[in-house]
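**Student:** kindly return the folded structure for what I paste below:
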Amino acid sequence: MTEFSRRHFVGTAAAGTTALWLAGSRTAWAAPATAPAASGSPHADPYEQTVRDAAPTWHRLPTGWQEAPFLANGYLGAQLYAGRTADTLKLMISHSQVQDQRGQWRGGIGFSRLPIGYFTLTLAGEITDVDWTLDPYDAELRGTVTTTRGSLTFSALVQNDTGALLISTRPTPGEESAAWSFQWLRAATTRSSGKPADYTPNPDPRVGDGFVEQPLLAGGGWSIAWRERSEGTGKLLAAHLVYRFPGQVTEATDEALRAVDRTLTIDPEKLVDRHRRWWHAYYRRSFLSVPDKRLQSFYLIQLYKLAASTRAEGPTISEWGPWFPEIGNNWTAVWWNLNVQIGMAPIHGSNHPELDSVTNAFRRFEHNLPASVPAEYRDGESYALGHPSDWQLRAGDTYDVGAPGSDHISDNFGNLTWALHNVWQSYRHSMDLKVLRDVVYPILARAINFYAHFLHEGPDGRLHLLETRSPEYANAADCTYDLSLIRWGVRTLIASAKLLRNNDPRLKRWQNIEHRLTPYAEDPAAGVMIGKDVPLADSHRHHSHLLWLYPLRERNWDRVEDREVMRRSMDHWVSMQQLWHGYSYATASSMYSVMDEPEKALDHLTFFTDLKVVADCQMTVNTMYREGKNLALESPLSAAQSMLDMVVQGHEGVVKVFPSVSERWADASIASLRTQGAFLVDADRAGGATRWVRVHSEAGAPLTLEHSITGRIDVRDGYGRPLHWRDSGPGRITVTLPRGGTAVITPHGARRPEPGPRDVPSNGTWTRWGLPG
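**Tutor:** The predicted model follows:
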């Protein structure tokens, strides 16, 4: 058989018959080397197959942020949708670092994300049809645009390591005149809440030949530069954006222009090959397949969205990720009162520490945390995190979180401690002591010290907390939200001090807080309350008063004595859903998963992902999210965590395999999902039964495994040799695995499992994401 080179053969419909036309072109690159084997084929690569199968499609023209395909590399973002006239397309350009630098105002204004501008593709005819595919496996948008005068084929991507925007276009006769132009947008905040009367937009930019240079009033600024290369009727647009603060904006212009020139001197095949290799390796770090293929594709799009939104060395996610909505609205910065915490949660279980921008933010910008503490409590040992902030943890020079029990009470007191729970999860999923020693421990100690200023002894001998605010609900003394974070914080510090053997003199104080901190206020029927004398009386979208249940998991369903209060509290919150928002359903799904309620977990997840509207909130067709007129991305990301909680959990030293898989999912397959203890878990479920489990230990931590296999089992190492193990309860075993060791668990007498995961059969027809028509 003749072997075709990757330039010679093109297997995607979007490239169609243009494969030979593009070969060797300086203005285009080849489509993927081969078409993936059909789903279920023995030759199919399940990693590639499942991700390509998840590709959203557009057979109708998207109209804006809520419908458009999206590209990014963690920094530069682009979205393509309808232009202002019937013969144009608009490519909105954004960047996760582009923000204002006027700290005299609160973060959402003074450090506001700023709009940049957009490219317009002007066509000869009016658009009559589109056929687009966003291929997450290649992180590339491909398609055709049909007009009344002809058609145009294009490919677009944001190159992973250089950040170059590359767009290749190939017109048919009648559309040879199609051309790109750039329109800048005014560099002013779109936030109206709290906007000061003396706010002044940044000055208009300097526009030159192939660049726009935008200065900031605070100094520095950014430049976007672009140039187009032509070859016959084909064109390659290359663009770069450079942001500088501090620094000179003219330096940004020079660098952007040089970057464009460098990009256009490189064979586009080489740039695209590097880009694809990074993304292909990214998807091979873990695997999840379930019978609901719409949910499976949703999950994979969230993985794509996460890597497009953030990288460990870059800014953590803001409400819009790298994609600035043209209409803007209020969510112009980084939201720390829930949004970052839930949006970044899936990076741990999906085995993507390379995206951990939260840990890196605290490592790099810890020095900015004292500024969020009121001046009278800046003792060098107290930290807080104001909201919103920029990605450098700055909430504005004139803003602080206030003080419990004062006339300045905010709902920001718990932001920092909750965010540090995400960092602690990074430690627990990697067992990297540097994360614990250098980031979690020193910052958490100061976060708890700030809270400790406001604890006082009551007549009962307990430590009580002065009045704070349960986020978005009500003020309360002994507020459950804050108490749960304090309790988790001191317990984590006590355990960490023991592990680090640092003889910390503060240890006795933390132990005193742990032993004497008052219990949560409870109602006999409704469970845990908002705080002292404050019940949950109305529908509440926020699960702040239930953090102890999830994600802190202070109470554990495995302990029979914990179940009653967990059930009462959960039932009461769920009984009032009128004002719930997207993340309410995602969180409820995860809560039900840790409470052994798989059917309820799946029901709540699918309610949200089925695009239901509640309280004028809805997930959108491109898997973004809106709340009224405001736009965001954290709720769908948190729903990806809901799916992870269904298939594997790790808590208090117990790893659970398929702990909350619905009876509606007879089959499931996972690979390299990461749990606390630095375990990587592979497993396969077929016909409603677990066929095998494989656990690899990266750190040699103690392992208790709830394997979900019925009946007698065999336990072997990675080479098939028997391993010593012991029963630890119904369906549980304890296995000693050294660092780098592997345990394979199968039903007694079963054959050794085949290596690798599988794309499990679909349980029905499904509709692609996007606008498939």
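**Student:** now residue 711: closest residue in space, sequence neighbours ignored.
**Tutor:** residue 747 (6.1 Å; CB to CB, 6 or more residues apart in numbering). Any C-beta I mention is one placed from the backbone N, CA and C, and that applies to glycine too.
**Student:** got a pLDDT number for residue 493?
**Tutor:** The model reports residue 493 with a pLDDT of 98.
**Student:** tell me the SS of it?
**Tutor:** Put simply, residue 493 is helix when judged by DSSP: H, G, I helix; E, B strand; the rest coil.
**Student:** how about the residue located most distally from the centre of the chain, phi and psi?
**Tutor:** No residue in the chain sits farther from the centre than residue 459, which is 45.2 Å out by CA atoms, centre = their mean. The phi/psi pair for residue 459 (degrees, to the nearest 10) reads phi -60, psi -20.
**Student:** any idea how far residue 478 is from residue 404?
**Tutor:** 11 Å (CB to CB, to the nearest Å).
**Student:** mutual contacts of those two, please.
**Tutor:** Taking CB atoms under 8 Å, 6 or more residues apart in numbering as the criterion, residue 404 and residue 478 both touch residue 465.
**Student:** can you pull out the helices in the stretch 401-550 of the chain?
**Tutor:** 415-430, 433-435, 441-452, 480-500, 507-516 (DSSP state H, counting those that start in this stretch).
**Student:** kindly apply the preceding question to the stretch 101-250 of the chain instead.
**Tutor:** 107-110, 249-265.
**Student:** just checking, what packs against the longest one?
**Tutor:** Contacts of helix 249-265 with other secondary structure elements, assessed using 3 or more CB pairs under 8 Å, 6 or more residues apart in numbering; DSSP states H and E, are made with strand 211-215, strand 221-231, strand 234-244.
**Student:** flag every buried residue along the second one.
**Tutor:** If I follow you right, that is strand 221-231. Under the neighbour-count criterion of 16 or more other CB atoms under 10 Å, strand 221-231 has 221-229 buried.
**Student:** name every strand pairing with that strand and say which way it goes.
**Tutor:** According to DSSP bridges, strand 221-231 forms sheet pairs with strand 211-215 (antiparallel), strand 234-244 (antiparallel).
**Student:** out of the buried residues of strand 221-231, who's nearest residue 342?
**Tutor:** Using CB to CB, residue 222 comes nearest to residue 342 of the buried residues of strand 221-231, at 29.9 Å.
**Student:** residue 544: which of the helices and strands packed on helix 249-265 is closest?
**Tutor:** The nearest among those, by CB to CB, is strand 234-244 at 34.6 Å.
**Student:** could you list the domains of this structure?
**Tutor:** 55-190+202-284, 365-387+399-565, 655-747 (automatic domain parsing).
**Student:** out of the ones you listed, which is closest to residue 610?
**Tutor:** Checking those against residue 610 by CB to CB gives domain 655-747 as the closest, at 14.3 Å.
**Student:** end-to-end on that closest one?
**Tutor:** For domain 655-747, the first-to-last residue distance is 18 Å (CA to CA, to the nearest Å).
**Student:** with stretch 316-332 instead?
**Tutor:** Distance across stretch 316-332, first residue to last, is 13 Å (CA to CA).
**Student:** the helix or strand harbouring residue 626: how far from the chain's middle?
**Tutor:** Using DSSP states H and E, residue 626 sits within strand 625-627. Between the centre of strand 625-627 and the centre of its host chain there is 15 Å, according to CA atoms, centre = their mean, to the nearest Å.
**Student:** after that strand, which helix or strand is next?
**Tutor:** Toward the C-terminus, strand 625-627 is succeeded by strand 630-632 as the next helix or strand (DSSP H and E).
**Student:** list of residues touching that next one?
**Tutor:** Here strand 630-632 has contacts from 65-66, 319-320, 325, 327, 329-331, 339, 624-626, using CB under 8 Å, 6+ apart.
**Student:** which strands and helices sit next to the helix or strand just after it?
**Tutor:** Once strand 630-632 ends, the next helix or strand along the chain (criterion: DSSP H and E) is helix 634-647. Under the contact definition 3+ CB pairs under 8 Å, 6+ apart, helix 634-647 sits against strand 287-289, helix 293-309, helix 339-343, helix 346-349, helix 582-594, helix 598-609, strand 625-627, strand 668-675.
**Student:** one more time with 6 Å
**Tutor:** In terms of contact count using 3 or more CB pairs under 6 Å, 6 or more residues apart in numbering; DSSP states H and E, helix 634-647 is assigned the packing partners helix 293-309, helix 339-343, helix 346-349, helix 582-594.
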